[in-house]
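1. got a predicted structure plus its sequence, pasted below:
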Amino acid sequence: MDATKLRRAIARTRLAPVAAFPKRLARVARHDAKVLRASARWLVTSREHHNYTYELTKLSRHHLSWFVSVVCDVPVGRVRGWFAEIEGDDELRRHIERATAEAARRGLADREVRYARRIGWYAMVRATRPAHVVETGVDKGLGSCVLAAALLRNADEGHPGRVTSLDINPEAGYLARTAPWSGVVDLVVGDSVASIGALDRPVDLFLHDSDHSRAHEKREFDAVEPKLAPGALLLTDNVTTTNVLAEHAERTGRRFLAYRETPARHWYPGDGIGAAW
Ligand SMILES: C[S@@+](CC[C@H](N)C(=O)[O-])C[C@H]1O[C@@H](n2cnc3c(N)ncnc32)[C@H](O)[C@@H]1O
């Protein structure tokens, strides 16, 4: 009996689980060793303790470009062009490196600039040319800078816009306090739900990225609904953990789509972008 026939014969016996054990062990050990290697490298090379930054895998970038293309109804080639635009923006990259190196909390930040899914936010702002973006949750201000860079490019093309960035922490947003990016960013300190309630201009693009609890995310979308401009785009950074935006989309008669990012060379499983429009 050849080896294949023997394996198939064993697979039909009670010995099958025992015979398969070494192969299963080797598979899971290979997977765990990869995670352990990435974790050990990260512990030594990174300083971040939350809101991790990383590059996306090539495939994940590819899927993100199609996600933006579908949500914003623009050709995927244009989306790839906007990805190249933000990643080739050396002035912004140098600013973030310098501001990070000089920040009081530099001991908890990496100097290397890695945008991950934020390149998708950039492309969506370039595609939809919003007059007013609202971002809840600012942290260092990396996302605010990316959104501001897109708004500045839109302004150069005759479509000016501003981003209102909301955070409960008065120290948040230190990356977004430098010109030219600060020229289109309004940092507002306070609880995001109260700050949304106080908005006095219609919102064209809303991004939830603050308190990631289900209850808070829902409160934000409920609070922003009466503030939205017709045709507004709603985004959430919480889509890998809750169904809040999908339910909001269903209730309000919108379409919904989710993208799950895959970080390259990182132990963190990644976040994603949920979009309702
Ligand atoms: C994940 S970080 C934001 C990341 C940022 N958008 C970026 O692109 O890097 C979450 C932020 O939400 C803020 N936050 C937490 N609860 C909040 C609340 N109730 N209102 C406003 N901001 C809040 C935190 O202070 C923190 O800076």
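-> In hand now; what should we look at?
2. around Ala16, how many other residues sit close by?
-> Ala16 has 12 neighbouring residues, counting by other C-beta atoms under 10 Å. The way it works is simple: take the backbone N, C-alpha and C, and place the C-beta from them, glycine included.
3. for it, which non-adjacent residue is closest in space?
-> Leaving aside its chain neighbours, Ala16 sits nearest to Ile10 (6.1 Å; criterion: C-beta to C-beta, 6 or more residues apart in numbering).
4. any idea how far the one you found is from the ligand?
-> In this view, Ile10 and the ligand are 51 Å apart by C-beta to the nearest ligand atom, to the nearest Å.
5. quick check: that residue is in a helix.
-> Yes. Under DSSP: H, G, I helix; E, B strand; the rest coil, Ile10 falls within a helix.
6. domain ranges for this protein, per the record?
-> If you go by automatic domain parsing, the domain ranges for the chain are 3-42, 49-276.
7. from the chain's centre, how far out does the first one sit?
-> Meaning domain 3-42. Its chain's C-alpha centre and that of domain 3-42 lie 34 Å apart, by C-alpha atoms, centre = their mean, to the nearest Å.
8. can you check the last one too?
-> Average the C-alpha atoms of domain 49-276, do the same for its chain, and the two points are 7 Å apart (C-alpha atoms, centre = their mean).
9. near the ligand, anything from that domain?
-> Yes. Contact of domain 49-276 with the ligand (C-beta under 6 Å from any ligand atom) involves 51, 118, 135-139, 142-143, 166-169, 172, 191-192, 209-211.
10. need the mean per-residue confidence for that domain.
-> The pLDDT scores in domain 49-276 average 98.
11. check the gap between Phe206 and the ligand for me.
-> Going from Phe206 to the ligand by C-beta to the nearest ligand atom gives 13 Å.
12. does anything pack onto the helix or strand hosting that residue? Which helices or strands?
-> Secondary structure from DSSP states H and E places Phe206 in strand 203-208. Packing partners of strand 203-208 (3 or more C-beta pairs under 8 Å, 6 or more residues apart in numbering; DSSP states H and E): helix 118-128, strand 132-136, helix 214-224, strand 228-236.
13. what are the C-alpha coordinates of that strand, in CSV please?
-> Taking C-alpha atoms only, strand 203-208 is exported to CSV below (Å, rounded to 0.1, in the frame of the first residue of the first chain):
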residue,chain,number,x,y,z
VAL,A,203,-21.2,67.8,8.7
ASP,A,204,-20.3,66.3,5.3
LEU,A,205,-18.0,63.5,6.6
PHE,A,206,-18.1,62.1,10.1
LEU,A,207,-15.5,59.7,11.6
HIS,A,208,-15.9,58.0,14.9
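14. what does that strand contact?
-> 121, 124-125, 128, 130-137, 143, 147, 161, 217, 220-221, 224, 227-229, 231-238, 245 (C-beta atoms under 8 Å, 6 or more residues apart in numbering).
15. in PyMOL, how would I select just the buried ones from these?
-> A single PyMOL command selects the buried members of these (16 or more other C-beta atoms under 10 Å):
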select buried, resi 121+124+125+128+130+131+132+133+134+135+136+137+143+147+161+217+220+221+224+227+228+232+233+234+235+236+237+238+245
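16. who touches the spatially most central residue of the chain in this structure?
-> Residue closest to the mean C-alpha point of the chain, counted by C-alpha atoms, centre = their mean, is Arg117 at 3.9 Å. The contact partners of Arg117, taken as C-beta under 8 Å, 6+ apart, are Leu56, Leu64, Asp237, Tyr259, Glu261, Gly270, Asp271, Gly272, Ile273.
17. could I get these as a markdown table with secondary structure?
-> What follows is these, written out as a markdown table (three-state DSSP):
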| residue | secondary structure |
| --- | --- |
| Leu56 | strand |
| Leu64 | helix |
| Asp237 | coil |
| Tyr259 | strand |
| Glu261 | coil |
| Gly270 | coil |
| Asp271 | coil |
| Gly272 | strand |
| Ile273 | strand |
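18. quick check, Val76 in contact with Leu64.
-> No. Between Val76 and Leu64 there is no contact under C-beta atoms under 8 Å: 10.3 Å.
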